[in-house]
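S.K.: Give me the fold of what follows.
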Amino acid sequence: MTLFQIIAAVAAALLMIYLIYALLKPEAF
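M.R.: Numbering: from 1, shown residues only. Alright, predicted model coming up:
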C-alpha cells in the first residue's frame, strides 16, 4: 500500500465512525 492509500483508508474509517456516532448521539450535534 502507498502512503496515500493508508491515509485514505484511515480517513474513511474515521468518517464512518463519525457518522455512526452522529446517528447514535444526535443530541451531541
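S.K.: Please state the offset of whichever strand or helix holds Val10 from the chain centre?
M.R.: Assigning secondary structure by DSSP states H and E places Val10 in helix 3-24. From the chain centre to the centre of helix 3-24 is a distance of 2 Å (C-alpha atoms, centre = their mean, to the nearest Å).
S.K.: Would you mind writing the CA trace of it as PDB?
M.R.: Backbone C-alpha positions of helix 3-24 (Å, rounded to 0.1, in the frame of the first residue of the first chain) are rendered in PDB as follows:
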ATOM      1  CA  LEU A   3       1.100   6.200   1.900                       C
ATOM      2  CA  PHE A   4      -1.800   7.900   0.200                       C
ATOM      3  CA  GLN A   5      -3.800   4.600   0.300                       C
ATOM      4  CA  ILE A   6      -3.100   4.300   4.000                       C
ATOM      5  CA  ILE A   7      -4.200   7.900   4.700                       C
ATOM      6  CA  ALA A   8      -7.300   7.400   2.600                       C
ATOM      7  CA  ALA A   9      -8.200   4.200   4.500                       C
ATOM      8  CA  VAL A  10      -7.800   5.900   7.900                       C
ATOM      9  CA  ALA A  11      -9.800   8.900   6.800                       C
ATOM     10  CA  ALA A  12     -12.600   6.700   5.500                       C
ATOM     11  CA  ALA A  13     -12.600   4.700   8.800                       C
ATOM     12  CA  LEU A  14     -12.700   7.900  10.900                       C
ATOM     13  CA  LEU A  15     -15.600   9.300   8.700                       C
ATOM     14  CA  MET A  16     -17.600   6.100   9.200                       C
ATOM     15  CA  ILE A  17     -17.100   6.200  12.900                       C
ATOM     16  CA  TYR A  18     -18.100   9.900  13.000                       C
ATOM     17  CA  LEU A  19     -21.300   9.200  11.000                       C
ATOM     18  CA  ILE A  20     -22.200   6.200  13.200                       C
ATOM     19  CA  TYR A  21     -21.600   8.300  16.300                       C
ATOM     20  CA  ALA A  22     -23.700  11.100  14.900                       C
ATOM     21  CA  LEU A  23     -26.600   8.700  14.300                       C
ATOM     22  CA  LEU A  24     -26.300   7.200  17.800                       C
END
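S.K.: Could I get the buried residue list for that helix?
M.R.: When burial is assessed from 16 or more other C-beta atoms under 10 Å, helix 3-24 yields no buried residues. Using the backbone N, CA and C atoms, a C-beta is placed for each residue, glycine as well.
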